[in-house]
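[1] coords please:
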Amino acid sequence: MTDIVSQSWLAERLDDVRVVDVRDAWEYDGIGHLPGAVNVPFDAFRADESGEHDEGMLPGRANFATLLSEAGIANGDEIVAYDDTHGVFAARFLVTAALYGHDPAALHLLDGDFSAWQLERETTSETPTPTPTEYAIEPPAETPLVDADAVAEAVDGDAVIVDTREKWEYEEGHVPGAVRLDWRELVDDESRGLRPETEIRELLASRGIVPEARIVLYCNTARRISHTYVVLRHLGYDDLAFYEGSLTEWKAQDRPLETGES
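    Numbering: from 1, shown residues only. Alright, predicted model coming up:
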């Protein structure tokens, strides 16, 4: 199960895990990075209209395998990912890896981002030269992915549909019955990591997002729900559905929308 690890946890294991920096190359090279980290920029594992891709914004199996192979990552490696945006881009990398078959138990999101690490710990401008691997995509038999039809069924069922976008986006139009949970409500701007667990659980419960419910997550293009998904997994939520197509697909299919506040 993909989880969230502290800076001290990672500091003690830098030689034992593969650290992935998903910031832009100019940030990785120009500002510095964590010791031993390899750079896999966010745009490199997001689908675009010109190349191979899978459902939603997934980059395509061959593309992702090439990225990880060139980064020197093997199928059995333990991975810690980070960014400089409270973990949302790093979470997207980890969810992508899990959907393509990397063992979720070996995938970790750093609690706090590069800026938080830099305040207290060593960074470097030395770029490692990883030995290429032959990373193989082995999708699991079951994934949390759901399509628009499944979301439509959830609208009429007992599931809690969660919109992780900003308030103004939600008010402009959301899946009928969805509750709003801006993903940034789970992070602390000062520490740049997660809010205390007790606060997060209280917030989730106040929105009806409880562990015993089936939770269906969406945003616009599946980036923001990746962070919420990782947090909920970390907190022990088991029945999670991940709508990769999100509102971009929902609107393209002319599905019904509600407007206004929750």
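
[2] three-state assignment of the closest residue to residue 103 other than its chain neighbours?
    Leaving aside its chain neighbours, residue 103 sits nearest to residue 76 (7.6 Å; criterion: CB to CB, 6 or more residues apart in numbering). No exception for glycine: its C-beta is placed from N, CA and C like everyone else's. Secondary structure, DSSP: H, G, I helix; E, B strand; the rest coil: residue 76 is coil.

[3] Give me the phi and psi for residue 68.
    Here the main-chain torsion angles of residue 68 (degrees, to the nearest 10) amount to phi -70, psi -40.

[4] Quick check: the gap between it and residue 112.
    Look at residue 68 and residue 112: by CB to CB, to the nearest Å, they are 24 Å apart.

[5] ok so, going back, thinking the residue nearest to residue 103 is in contact with residue 102, fair?
    No - counting by CB atoms under 8 Å, residue 76 sits too far from residue 102 to count as a contact (9.1 Å).

[6] more neighbours, these two?
    Applying other CB atoms under 10 Å to residue 76 and residue 102 shows that residue 102 carries more neighbours, namely 26 against 8.

[7] contacting residues for the more buried one?
    Neighbouring residues of residue 102 by CB atoms under 8 Å, 6 or more residues apart in numbering: 75, 79.

[8] So it, which state does it fall into?
    State at residue 102, reduced to three classes by three-state DSSP: coil.

[9] can you tell me how far it sits from residue 165?
    Residue 102 is 27 Å from residue 165, by CB to CB.

[10] mind listing what residue 77 touches?
    17, 18, 106.

[11] on that earlier part again, and residue 68 and residue 112? Which one has more around it.
    Taking other CB under 10 Å, residue 68 and residue 112 do not tie; residue 68 has more neighbours (29 against 24).

[12] Hmm, that one is touching residue 133, no?
    Yes - in this structure residue 68 lies within contact range of residue 133 using CB under 8 Å: 7.3 Å.

[13] what's in contact with stretch 61-76?
    Here stretch 61-76 has contacts from 18, 20, 38-40, 44-45, 51-54, 58-59, 79, 96-97, 100-103, 106, 128, 130-139, using CB under 8 Å, 6+ apart.

[14] how about it: buried residues?
    By 16 or more other CB atoms under 10 Å, the buried positions in stretch 61-76 come out as 61, 63, 64, 65, 67, 68, 69, 71, 72, 73, 75.

[15] Likewise for stretch 31-51?
    Buried positions in stretch 31-51, judged by neighbour count with 16+ other CB under 10 Å: 32-34, 37-42, 44-47.

[16] chain center to whichever strand or helix holds residue 65: distance?
    Under the criterion of DSSP states H and E, residue 65 resides in helix 61-70. Helix 61-70 has its C-alpha centroid displaced from the chain centroid by 18 Å (CA atoms, centre = their mean, to the nearest Å).

[17] cool, and stretch 209-221?
    14 Å.

[18] Count the neighbours of the residue nearest to residue 158 when sequence neighbours are not counted for me.
    Excluding the flanking residues, the one nearest residue 158 by CB to CB, 6+ apart is residue 214, at 6.9 Å. Using other CB under 10 Å, residue 214 has 15 other residues around it.
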